[in-house]
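> my questions are about this predicted structure, shown below with the sequence.
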Amino acid sequence: MDHPRVLLLHGDAYRCRKALDERHRALAELHPRIERWARFADEIDDAAMGLELRSSSLFDDARHFVIRGAERLGSPALLVDAAAETPASGTYLTLIAAAPRPRSRLVKAVEAVGRVVGLPSPRGREIPRYAAEMLAAAGCPGSPALLREMAEQSGGDLMQLAQEARKLATFASGGAHGTDALLPGLLFAAGERAIWPMLDRLGERRVAAALRELGRLSEDPGRLLAAAARHLSRLAAARALAECGTPRAARAKLLGVADWLLRRLAGQAASWGAGELLAALQHAVALDVAVKDGECRAEDALLELVLSTTPLSP
């Protein structure tokens, strides 16, 4: 079996993790004494890492370097070339990225010397299939109704599905009476979801997805309305600064956000037409005032704001 020195895995977090585990197991069969070295891209110095990749291990037969968040690497070519040129035949580099651009520096650097594997998130009928595989692996076969419920509640998040499969299997192993009927009620009950996915879907104008995220939250509607208004104001500011030609570094500093978050905000702002963001922000402020004046309930105002972000047909 071919094991490239340099491998880039990108896409769904769960599928990338599974592919990484399979790669390491295969490498461990070739090199029983293999060291695994894992870091996030933000934690490493590219030049120092390049020297490390060119060196040999003192105690092990091989080394497997894993760098997560590889899309944030400053000099991907430096590391990729170092891993490919090292005289140590037992040196391997696996890069994990979310969704790099097809012709980004990272992708081009890896394509030149190694392999790029895209693992997109599953859609539609694929999600219940993954849920069934996870439950079966955990020793807890599920009914079709349970699989559909898991797929719907997770929103296609395989990492969340895997966590729930382990939880349901643990409960089922206790032999509780009527386990099959009880399992659906246990889904996703532990912990509260963050509000950021709902705000991101709102900014992307994906109304159906925003409503699904909203239905999973247990936050106070007034707090969510205020958060939505702040998010729209940040999108409006990001768009205005971009249209004024403000350099990206200056935009990030003015908005008080990291570069990766600025890119996310810019992508969402691009979903709006000229003047639409300002109108949406004005509507959000008016709804907030109406709630504070007792003219409407916070949950009604929040729902109206989400629905009002629906893109108009051309």
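Great, that's in hand. Residues are numbered from 1 along each chain as shown.
> going forward, measure contacts and count neighbours with C-alpha atoms only.
Will do.
> which intervals of the stretch 101-250 of the chain have sub-threshold pLDDT?
Across the stretch 101-250 of the chain, the ranges flagged by pLDDT under 70 are 152-153, 155, 173-193.
> now the helices for it?
105-113, 126-137, 144-154, 158-172, 179-182, 196-203, 207-215, 221-243, 248-255 (DSSP state H, counting those that start in this stretch).
> list the beta-bridge partners for the residue lying closest to G114 once chain neighbours are set aside.
Of all residues not flanking G114 in the chain, V6 sits nearest, at 4.8 Å (CA to CA, 6 or more residues apart in numbering). Counting by DSSP bridges, V6 is bridged to L93.
> got it, and the one 5 residues further on?
Here G11 shows beta-bridge partners L119, assigned using DSSP bridges.
> hmm, back to that, could you export the helices of the stretch 101-250 of the chain as CSV, including mean neighbour count and distance to T91?
What follows is the helices of the stretch 101-250 of the chain, written out as CSV (neighbours: other CA atoms under 10 Å; distance: least, CA to CA, whole Å):
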stretch, mean neighbour count, distance to T91
helix 105-113, 19, 14
helix 126-137, 19, 32
helix 144-154, 18, 38
helix 158-172, 19, 29
helix 179-182, 13, 48
helix 196-203, 21, 38
helix 207-215, 17, 43
helix 221-243, 19, 43
helix 248-255, 15, 36
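> what's the closest of those helices to L261?
helix 248-255 (8.4 Å; CA to CA).
> which elements pack onto that closest one?
Using 3 or more CA pairs under 8 Å, 6 or more residues apart in numbering; DSSP states H and E as the contact test, the elements touching helix 248-255 are helix 221-243, helix 259-269.
> picking up where we left off before, out of the helices of the stretch 101-250 of the chain, which gets nearest to A270?
helix 221-243 (7.7 Å).
> now the closest one against helix 207-215, angle please.
140 degrees (axes from the mean of the first three to the mean of the last three CA atoms, to 10 degrees).
> helix 221-243 - contacts with which helices or strands?
Helix 221-243 packs on helix 196-203, helix 248-255, helix 259-269, helix 276-292, helix 298-308, going by 3+ CA pairs under 8 Å, 6+ apart.
> run the last query once more with 7 Å
Contacts defined by 3 or more CA pairs under 7 Å, 6 or more residues apart in numbering; DSSP states H and E place helix 221-243 against helix 259-269, helix 276-292, helix 298-308.
> now those as JSON lines including mean neighbour count?
Output for those, formatted as JSON lines (neighbours: other CA atoms under 10 Å):
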{"stretch": "helix 259-269", "mean neighbour count": "17"}
{"stretch": "helix 276-292", "mean neighbour count": "18"}
{"stretch": "helix 298-308", "mean neighbour count": "19"}
